[in-house]
Structures are given as structure tokens and as C-alpha cells.
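>>> Next come a sequence and a model predicted from it.
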Protein chains: 4
Amino acid sequence: MRKSAPLLGALALAAGAAALGFARSARSGTKEALQPPEPGLLEDLVAANRILSEEGVVDGFGHVSARHPRDPSRFLLARSMAPGLVTADDIMEFGLDGAALDRRGRALYTERFIHSEIYKAYPEISAVVHSHSPSIIPFGVTTVPLRPIYHMSSFLGAGVPVFEIRDAGGPTTDMLIRSAELGAALAQKVGGSAVVLMRGHGNVVVGQSVRQVVFRAIYTEINAKLQSEAMRLGEGEVTFLSDDEAANARRTNDAVLNRPWELWKRRALGPD
Amino acid sequence: MRKSAPLLGALALAAGAAALGFARSARSGTKEALQPPEPGLLEDLVAANRILSEEGVVDGFGHVSARHPRDPSRFLLARSMAPGLVTADDIMEFGLDGAALDRRGRALYTERFIHSEIYKAYPEISAVVHSHSPSIIPFGVTTVPLRPIYHMSSFLGAGVPVFEIRDAGGPTTDMLIRSAELGAALAQKVGGSAVVLMRGHGNVVVGQSVRQVVFRAIYTEINAKLQSEAMRLGEGEVTFLSDDEAANARRTNDAVLNRPWELWKRRALGPD
Amino acid sequence: MRKSAPLLGALALAAGAAALGFARSARSGTKEALQPPEPGLLEDLVAANRILSEEGVVDGFGHVSARHPRDPSRFLLARSMAPGLVTADDIMEFGLDGAALDRRGRALYTERFIHSEIYKAYPEISAVVHSHSPSIIPFGVTTVPLRPIYHMSSFLGAGVPVFEIRDAGGPTTDMLIRSAELGAALAQKVGGSAVVLMRGHGNVVVGQSVRQVVFRAIYTEINAKLQSEAMRLGEGEVTFLSDDEAANARRTNDAVLNRPWELWKRRALGPD
Amino acid sequence: MRKSAPLLGALALAAGAAALGFARSARSGTKEALQPPEPGLLEDLVAANRILSEEGVVDGFGHVSARHPRDPSRFLLARSMAPGLVTADDIMEFGLDGAALDRRGRALYTERFIHSEIYKAYPEISAVVHSHSPSIIPFGVTTVPLRPIYHMSSFLGAGVPVFEIRDAGGPTTDMLIRSAELGAALAQKVGGSAVVLMRGHGNVVVGQSVRQVVFRAIYTEINAKLQSEAMRLGEGEVTFLSDDEAANARRTNDAVLNRPWELWKRRALGPD
């Protein structure tokens, strides 16, 4: 991944806009003409896919989406593929029912309902990551709550619920959020949290922008690793951020999201 | 490994076919003419060697084989060398007795009997990986069973037996499966499992295709690491996939093997 | 980061000197003309930023500074950005009040008071690193003291205090050292130590040169990781360096700082 | 390190031979003319330095030497520098008193007496590695013996003593083997072992060839990591190789040292 040349120039974005069908005036099954999202958003979404792969949050599986900035009833998500290989051409548009607006035969992520149902339930959420972020898996299968060990992961201070798919889908699922119903059950767990763990599966991270949700996904992974280590070192006695500290640090971090973003983007995509 | 240029073009495959002796109409000691396997299989097998090395499942040791698609009594395996350096030219053909069909002086893996005896005993198995996958070593030397901690490793739900070479080979082996007899004893442990651990040595992973066996070998390594972490975090209390969940997730995963494969291949071999 | 070409030639240094305003004879708000630091210092400070990023001590956050060699009341520090992207052009100059001497609209690190207050309190300190060095985070949130497990980290023998921001800033900070007052409280913890941990945040490492402080920051991270491992392996029973051994090894190491520096620089910046 | 072009062509070897003074017919202070070692040995020794760095056994510190194949009273060792940067030009020749035979102002490793005293005491040893191999540090500061967890590290079956420098050098050393006396005390610990741990410092690995000692140094690091993990997983109950298994596997491995060597060399030095 590290050698990949930048793929996000104007040309690629134009191609991406075409792929999304924005050049056409209308499409079957929807009433409104498709309008391209801001070029910056498309660029950020592609970079988010590559960054999450480079930083080890996603592997061949996992996905990241963004709500359409001018139509809150739509969102952008790649076709079914490894995030580390996504280019602008691979970004598709979906409605809040999880249906592709211009599918053209492309394969879809089975679990797109994670995104659609969260966007449906929470108007303030504009970006969603689903991953099998390795260090969080142990927290999803034990009763140890994930808590903010340092200021970088202060967004965890709002609580990290665990979604047990057996409660919503019964004892014989394949663990996937493969329907709107399961997506709605998962969305209900989000509440005011930034992260929900999925038992035996992974997590969902939500935010108000692509850069914020990437920041949160990466520091959730790091927090899990460091918390696990600290709990062993301290034999369970660990000082976490207080609620006030977490709330204040969260506000502070939201003002500096671009600082690590530039580094992650360079690592994932090379120099501009 | 990361800098290696693609080695799998048509030319290299042609060379590989020649190396396997497919251009000749017959060879001594066998009755049938050698026919080249599908180019895609040879390409996948070379990629599998490189991917397993790049992803840390194998190091200088370990090997991956595929049953010949048109002659179930033969299988393809590299000459004795580090998997991370294998090219199509290095792939040889073997019979189910572990003998090379066209050796031409090349060094052979001592443990090729792992492959031959498994293919002999299980007609439904078409690909085999043997490795010293680091995170599984601790599970082979303790009594803690390897179990599926998340859906990606749901194939572990069929059980992961441990092969103790002292049972079959006595107390003074060099740990290697260096005979058909030891290979048969190991093969007997496989049964319906996807993975068998070898005490003080490594593991064997089996599958129905090269892509499936690579998927399983990689997620076995990841599962071992995450399970070990979870058992410490939860002080032994861990919720694993149920048998039903594992069986269902296994079927689901088998339909998306190509998604991570494309990523792994890019990492190991660079852009096409 | 690994692919970055050398950025530190004479040209870049000249540009850096210009960026610092050294070409001008005076600047508003200070009485003395700015004189450029030795080219070698500027080069080392840029390399220090890149090395700390490459070696995993800093990520998108963290910073490293050097006291001005000819004016102890000033110090050099990058503008607010990821250390892994810093070039000579990004280095700015600050007074001991934490104010930029020639700001020109550039964003500043909120926590520059860590540096200014340490330089103010300790004339013998000439270089400071602040980081969220991952392996030290668990030691900051438990009561286990960080101690020198081997000679490379013998500088820890002088003791590693933990700074609790609640003591100085009350229960509702955002964890950051965002004022001279908090910086002074943190500086007071330094005393004769090379490292101070900051609860729920990271650490501060001090030294008499850029190369020494980078050495200490890197081996603090490594020591934390190895000590944590050793305490588990030995169930708490670990033989650390004695005070005498630590003091002697510290002197020895200070004579060979250039040996690892050349390696780290090559890794971070490529061949000269 | 990964990008470094091959440095070991005939030209570089010729330069290395010249650097060693082999072109001269005699040199002051020794009676015999210097004769160059086999080109292959010099090439292997340079590769060993780079491999140990790339594989994480050494960092900026540590060293590897080889006994001169035609004069057992001399050995080859780099000048004082990071192993990851060593080229043929940097290899020097030493006598068994630890003195450089043709110093020409070059800086020497303080701890060259580790090598000289081991070569003096054990005629059968032809290669020595000293490192701060990270995963072995915890075993040197606790009472847990390092034992062979799998066949790759079967050479550990001969026992892994721990050298306590306080026994030989008293309570106030700087931890370094900075004299022939300390070197002799350390050498005495070797006996029939392949590895000796040095408390609070690192280890020494010995072998009969450069390739064997590199193999042992790398698998000592891996064994330490896996053993530590296994002891936690099994709560102390771990099945190690028996003495017979270890002895037999050791003989087997010694016949396949070239297999991983080719991989490690490619990783460290690129394609030939």
C-alpha cells in the first residue's frame, strides 16, 4: 500500500463523479437529478479508505461512508472491495434504504445497512466506519468496558456499548448486519456514543465528518491496545479520564483533526 | 518483499509450465503425459507463497500446495526454498507418494508428506498450507484450545486438534513429518477440521482452493493473537462464536474470498 | 515517511533560516537581531522530528524543541503540524514566555509552554521532547514506576515522576498544558529526571542536545515495553539496573549518541 | 534500510579487501602478511550486519563477527557503527587480544572483547553475535529460563545461562564488557550453549558459521517472544522440546541454513 501513487487528482475525481452518475440529468427509480458531492468530500472519502487500511484499522474487510452533503437522504460508500484498493471510481451512492442509486452491476457490501440505518436514525451523524479493528475484538467478547485511557481517545468518554447480535437476530445468524432490521437494532445502540462494539465481529464508529470518524477509528484501536496493556500492568487499577476531562479533551481534539490527517494521508497516498 | 515487481505475467507462466515438464509428452515412471494446470492456478499458487510470506504466516520456512485440477493423484508444490522468493519456475509436481514427477536435481521439502498424505486421505481437500505461524505456536504447546473469536475465523468452529508427534513417531523425532507414515498420522488428525496444530512445530491448514486456504491460514494467525489477548483481558471468560454462528459465517466468508485476496496480492506482488 | 527524500540540504537550510527571519536585522517586540542557529542544529532538529515519527515515538501529535545555542532565552520549535512532515521551513523561534518571535500567521502548538517553562527553569536543559509515546501510557495511569531494565535506558535511573494535571489544573482540564502556569507545574516535576510521565496524556523527555533527547525518547518507549513484559514474565520480580550501574551506563551512552543517530536518520530521511 | 541497493558486488568486496589492508605485504606489529578472507565470508559478514538490523535483532547497537578462516587467531568485525549501515569497507581485522590489526584511526566497539575472548576459549566457534535483542531482555532480568518452544529454536536445548556482570565486575560497572577480563568471564558462561543472556544488557549467540549464528540470533528473539506468550496462555504449563527432540532438530536445521538466509538477504539488501 505504501508505494501507491496519488490517485486523487482532478482527473480521477472527474472520473469518480462520472462513475457516480452525476453527469446524467436523472436516473431511473429516483426523482431528483444526482448532483456531485464536493470534490473535497470525495477525495477525503477515498483517502479515508486508504488511511484506515494503511493504519491497520481495516484489512481486506471493513468500510467507511459519508452522508451526502446536499442530500441527507443519501450517502457515499465504495462498491464491495478491500478499502485499501478504493479509488474515486469505486465510490457509489446509496439511499437510506440501503439501495444503490445507480448500481450498474457492481457488487455491494452486504452490511451497507449499518450505514443506512445509522444515517436514518441520527441526522447529526455524517460519517460512519465499520471495521474488524483488531485490538477492539477482545473488548467485544469480554465484559471489560472500553474506556478513555488518554486524551486522544477522549471521545470514548461518552460510553462504548456492546451490540450482541443474538438479542436482535437470534442464535443462528452469520454475525453480519445483512438487513435493515439488524441495522436498525445496531443503530439503536449508538445513542450518544462515538463507538459501538459488535460481539464476535468488530465495531462501528460514527462522526460528523470523514476526518473526525477516521480520527476516532484509529484512536479507538490504539486505546484498546493501551488499555489492555495498562489493565494488566496495573492489575486492574487504572486511572481513566474523568467525564469532564473526556468532554473537554474531545472538544480540543475536534479542532486539530487536520494535523494527523495530513500525516496519515501522506503515508497512505504518498506526497501530493 | 515489498519491492518485488510482478513476476506472474504470461511469460513467467509459460516458463513455469516448461519447468513443470508439461511441454514433454511423457516422463519416466508415470504412465500419463503431464498436462499443465490452469494458468490461473499456477498464478494463484505463486501468489499464495508470496502472500503468506508478506503477511507473516510463513518466514524462511513453510509451504503451500494445490492439488492438480485435472489429476487428483498429483499436486503442485515449490522446490525447497523460502516461500517469499517462489516464482512460477519453482513450482514442481508430485505424486501422492510424495515423489517428484520430474525432479531434475532440485531440492525437495523434507515435509512434502504433509501434503501428499492429506491429499490421499481427503479427496475434497484441494489446497494445503504448512507453516510455523507465530501466534499459533503457544496454542500448540499448552492445553488451551484455539476457538473462533470472530466471524473471520469461523472455520475454526469445526475444532482445532493438536498433533503430538510423540504419539506417532516416538520420543526422539526431529519434529519433522519426514515420512509417509508420519504424514498419514498427521492427516488422520484433520478429520473435518480446517486447521491442525502441531506441538512444538506449527500448523497445517486445509481448504478447497488456494484462495480459501490462504484466507484460513491468515485468519488462523490473527485469531490466535486476538484469542490470547482476550483470554487475558477477560481472565478466561470469553464469548466465542457458537457452532451455528461459526457454520453460517463460514459459508458467508467462502463467498467473499476474492476481496482480501486482491489486497494481499497487491501488497505482496505490487500492482498488476 | 520512509520514502521521503532528504530535505536537509544547504538550500532547505537557507530557506529555513529565512523562514526564521534571521535575514532581517530586527523584529518587533524584541530588542536583539535574530541570528540563525548553527546549520547543524537546524538540520538535527528537523531530523529529530522525522526520526521520532519514523520510530513510533510521536504520531500526528507531539513535538521536539531545541534551545537557541547563542541566546538561552529563545528556543526552536516547529509550527503546529505533524512532526513526520516537518521541514526546515517549518521551524519557528519562541521566547521563554511561549510567544512566537516572528509568527507571520502560522498556527502554534497549544502546548509550547511545556518547552518554554522547562527551558526557563533548567538552564542546563537544551532540548525537549513531548510525545504520546504509546508504551509509556500504561505507566502514567497506574502506580508502577518506570525503571531502567537495561543499560540503553539507564537515564531512567534518575527517577521517572508522574505529573497529575488534576493537582495543578483541577478536575476539569482538557489534559493539555495550555498555559505558562501549567507548564511551570510540569517543569517543577522534572528536577533531575530525564523523563516525566503525564497521566492520561504522554511524557516529557529532556536532554542537553537534540541527539541526546531523541536517544532518550526512543529508549524510554522501548524500556516501557520491555519492562511491562518482564514484570509479567517474572510475576513482578525483576532485576533493574542499580543506581550505580545506571549512572555509569548513562555516561557511557552519552559518548555514543551518534551511532544510532546515523541509523535513525537514514531510516527517516534516506541516504544523504 | 529496506531501500538500500546491493552493496556487495565485486567492486565493494575489492574495496573491502583493500580496507582490511590485504593488499599490503606486511603491517607493523604483526609478523605475517594479511591475506584476505574468502570473498564469500566478507560478503556474508556484511549481509549478516544488515540482516540482523532488518530483522530487529540489533538496532543502532550490537555487532557480529567471524573468525578468519585461514588464521584462527584473528577475527573480522566492523568498525564502531550501526550494523544496519555496515559495508565491506567497514570490516576490520582483530587479534585475540581485541587489538585492531590495522586500525588507521577508526573507532572500535568497546565490547570487542566479547568476541576475542570467546574465539580464544572455543576453537570450534567461528562466528559471534552480540545484541540487545528486545524479546530476550525480560528473560535476562527474571529467573525464567529460555527454553526451546519449537524446532526452529532447538539450539536452545543446550541450555541458556545468564551472565550476571556483578559476579565478575562488581556492583558498579557500566554493564559493558569493556576488558579482556570481563570478556573471559562471559566466555566462561558459554560452555556448550549457543546463547548466553546478559542481565540488564542483551545476549551473545555463537555458532560455527556466519549463517548459523544469524539463524540462531533471529530464532532466539522469536523464541523469547513466543515462550513469554505461551507461559501466560498456559499459566506456566508449557511443553518444550525434549532434549532428544532438540538435539535432533538442531542437526536437521543446520542442513537448511541457506533457505531463510536467501530470504533475509533479499529483504535486507534487495535483489542481487
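Here it is on my side, so go on. Note that the coordinates shown come from a computational prediction; the quantities given were computed from them, not determined experimentally.

>>> between the top helix by length along chain A and helix D:210-233, how big is the angle?
Looking across chain A with DSSP state H, the single longest helix is helix A:210-233. Put simply, helix A:210-233 runs at 80 degrees to helix D:210-233, going by axes from the mean of the first three to the mean of the last three C-alpha atoms, to 10 degrees.

>>> Figure out how far helix A:210-233 is from the centre of its chain.
In terms of C-alpha atoms, centre = their mean, to the nearest Å, the centre of helix A:210-233 is found 14 Å from the chain centre.

>>> can you tell if it touches chain C?
Yes. Against chain C, helix A:210-233 shows contacts by C-beta under 8 Å from any C-beta of the partner chain at A:222, A:225-226, A:229-230, A:232-233. Heads up, the C-betas are built off the backbone N, CA and C, glycines and all.

>>> out of these, which one sits closest to D:H68?
Nearest to D:H68 among these is A:E229, at 46.7 Å by C-beta to C-beta.

>>> these two touch, right, that closest one and C:P138?
Yes. Between A:E229 and C:P138 there is a contact under C-beta atoms under 8 Å: 4.8 Å.

>>> shared neighbours of these two, anything?
C:S228 (C-beta atoms under 8 Å, 6 or more residues apart in numbering or on different chains).

>>> Can you tell me the SS state at the closest residue to A:E38 other than its chain neighbours?
Leaving out its chain neighbours, the residue that sits closest to A:E38 by C-beta to C-beta, 6 or more residues apart in numbering or on different chains is A:P69, at 6.1 Å. What DSSP: H, G, I helix; E, B strand; the rest coil gives for A:P69 is coil.

>>> Could you check how far A:P69 is from chain B?
28 Å (C-beta to the nearest C-beta, to the nearest Å).

>>> In which helix or strand does the residue in the stretch 1-150 of chain A that chain B sits nearest to reside?
Closest approach between the stretch 1-150 of chain A and chain B, counting by C-beta to the nearest C-beta: A:G60, at 2.4 Å. Using DSSP states H and E, A:G60 sits in no helix or strand.

>>> Would you check that my belief about it contacting B:R259 is correct?
Yes. A:G60 lies in contact with B:R259 (C-beta under 8 Å); the separation is 5.2 Å.

>>> who touches both of the two?
Joint contacts of A:G60 and B:R259 (C-beta under 8 Å, 6+ apart) are A:A82.

>>> tell me which parts of the stretch 51-200 of chain A are close to chain B?
For the stretch 51-200 of chain A, the residues in contact with chain B (C-beta under 8 Å from any C-beta) are A:53, A:59-61, A:80-82, A:84-85, A:110, A:132, A:134-135, A:137-144, A:171-176, A:199-200.

>>> Can you turn the buried part of the residues you listed into a PyMOL selection?
A single PyMOL command selects the buried members of those (16 or more other C-beta atoms under 10 Å in any protein chain shown):
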select buried, chain A and resi 53+59+60+61+80+81+82+84+85+110+132+134+135+137+138+139+140+141+142+144+173+174+175+176+199+200
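
>>> Spit out the contact partners of A:R103.
Contacts of A:R103 (C-beta under 8 Å, 6+ apart): A:M92.

>>> So it: helix, strand or coil?
Quick answer, by three-state DSSP: A:R103 is coil.

>>> Tell me the spacing between it and C:V46.
50 Å (C-beta to C-beta, to the nearest Å).

>>> Which residue is most remote from the mean position of chain A?
Among the C-alpha atoms of chain A, the one most distant from their mean position (C-alpha atoms, centre = their mean) is that of A:E235, at 32.7 Å.

>>> that older thread, with chain B in mind, check whether the longest helix of chain A reaches it.
Yes. Helix A:210-233 is in contact with chain B by C-beta under 8 Å from any C-beta, via A:228, A:231-232.

>>> ok, then the element right after that helix?
Heading C-terminal from helix A:210-233 (DSSP H and E), you reach helix A:243-254.

>>> Can you tell me which helix or strand of chain A has the lowest average pLDDT?
Ranked by mean pLDDT, DSSP states H and E, the weakest helix or strand in chain A is helix A:10-19, scoring a mean of 47.

>>> what's the next secondary structure element after it?
helix A:39-54.

>>> now that following helix against helix A:210-233, angle please.
Using the same axes, to 10 degrees: helix A:39-54 against helix A:210-233 is 20 degrees.

>>> could you dump helix A:39-54 to PDB, C-alpha only?
Extracted in PDB, the C-alpha atoms of helix A:39-54 (Å, rounded to 0.1, in the frame of the first residue of the first chain):
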ATOM      1  CA  PRO A  39     -14.800  17.300  -4.700                       C
ATOM      2  CA  GLY A  40     -13.100  17.600  -1.300                       C
ATOM      3  CA  LEU A  41     -15.500  15.100   0.200                       C
ATOM      4  CA  LEU A  42     -15.000  12.500  -2.500                       C
ATOM      5  CA  GLU A  43     -11.200  13.000  -2.100                       C
ATOM      6  CA  ASP A  44     -11.500  12.700   1.700                       C
ATOM      7  CA  LEU A  45     -13.600   9.500   1.400                       C
ATOM      8  CA  VAL A  46     -11.100   7.800  -0.900                       C
ATOM      9  CA  ALA A  47      -8.200   8.900   1.400                       C
ATOM     10  CA  ALA A  48     -10.200   7.600   4.400                       C
ATOM     11  CA  ASN A  49     -10.400   4.100   2.800                       C
ATOM     12  CA  ARG A  50      -6.700   4.000   2.200                       C
ATOM     13  CA  ILE A  51      -5.700   5.500   5.500                       C
ATOM     14  CA  LEU A  52      -7.800   3.100   7.500                       C
ATOM     15  CA  SER A  53      -6.100   0.300   5.600                       C
ATOM     16  CA  GLU A  54      -2.600   1.600   6.000                       C
END
